[in-house]
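Enquirer: Got a predicted structure here, sequence first:
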Amino acid sequence: MNDTEQFVVFVFGTLKEGFPNFATNRGSRIPGEYRTLQRYPLYLIGERHSPWMIDAPGEGEHVTGQLFTVDTRTLADMDVLERITAADGYRRREIEVTPVQSERADDVTQAFAYVKPRDQLASALIRKGPMPTYELTDAALYRPR
């Protein structure tokens, strides 16, 4: 990855504009709301009420979020925040998203998203979900590390 490279990232939780970890997201927002083409389970997890989208395509809901273009440095900072190298961290995966307002079947964008492996999900930790959207009321419960 070079410094001028641009990446598209789908954010559905604390990295969204106006949410607790948005300061890490120094990308440029692509206007509108987007949703996952496939369904994914989205939960609030644990005492920190962290939003987890589980890497289980075809289950759960069409998750709504925002799209950003980010540079290499911002993507690296997001990777650190999401702890992608930690055993219990998120994993950056490429998924397909589509604008919420679009009726066109071919209006699909490939984007990175931070998801949790299914084997990290313990039902005792679930506080809410599955849900289609992480709202400001959910973010009010969030506790950073």
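Expert: Yep, it's here. Owing to the predicted nature of the structure, the values given are computational and were not obtained by experimental measurement.

Enquirer: Which element is encountered next along the chain beyond whatever helix or strand L44 lives in?
Expert: L44 belongs to strand 42-45 when elements are defined using DSSP states H and E. Tracing the chain past strand 42-45, the next element assigned as helix or strand by DSSP H and E is strand 50-53.

Enquirer: So which elements touch that following strand?
Expert: strand 42-45, strand 109-115 (3 or more C-beta pairs under 8 Å, 6 or more residues apart in numbering; DSSP states H and E). Quick note: C-beta positions are derived from backbone N, CA and C, even for glycine.

Enquirer: How far off centre is it?
Expert: The chain centroid and the centroid of strand 50-53 are separated by 8 Å, computed with C-alpha atoms, centre = their mean, to the nearest Å.

Enquirer: Identify all contacting residues around it.
Expert: 12-14, 40-45, 63, 113-116, 120-121, 134, 138, 142 (C-beta atoms under 8 Å, 6 or more residues apart in numbering).

Enquirer: can you pull the alpha-carbon coordinates of it into PDB?
Expert: Taking Å, rounded to 0.1, in the frame of the first residue of the first chain, the C-alpha atoms of strand 50-53 are listed here in PDB:
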ATOM      1  CA  SER A  50     -19.500  -2.600  21.400                       C
ATOM      2  CA  PRO A  51     -21.100  -3.000  18.000                       C
ATOM      3  CA  TRP A  52     -20.200  -6.300  16.400                       C
ATOM      4  CA  MET A  53     -21.100  -7.200  12.900                       C
END
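
Enquirer: Look up phi and psi at Q6.
Expert: Geometry field for Q6 lists phi and psi as phi -120, psi 140, criterion degrees, to the nearest 10.
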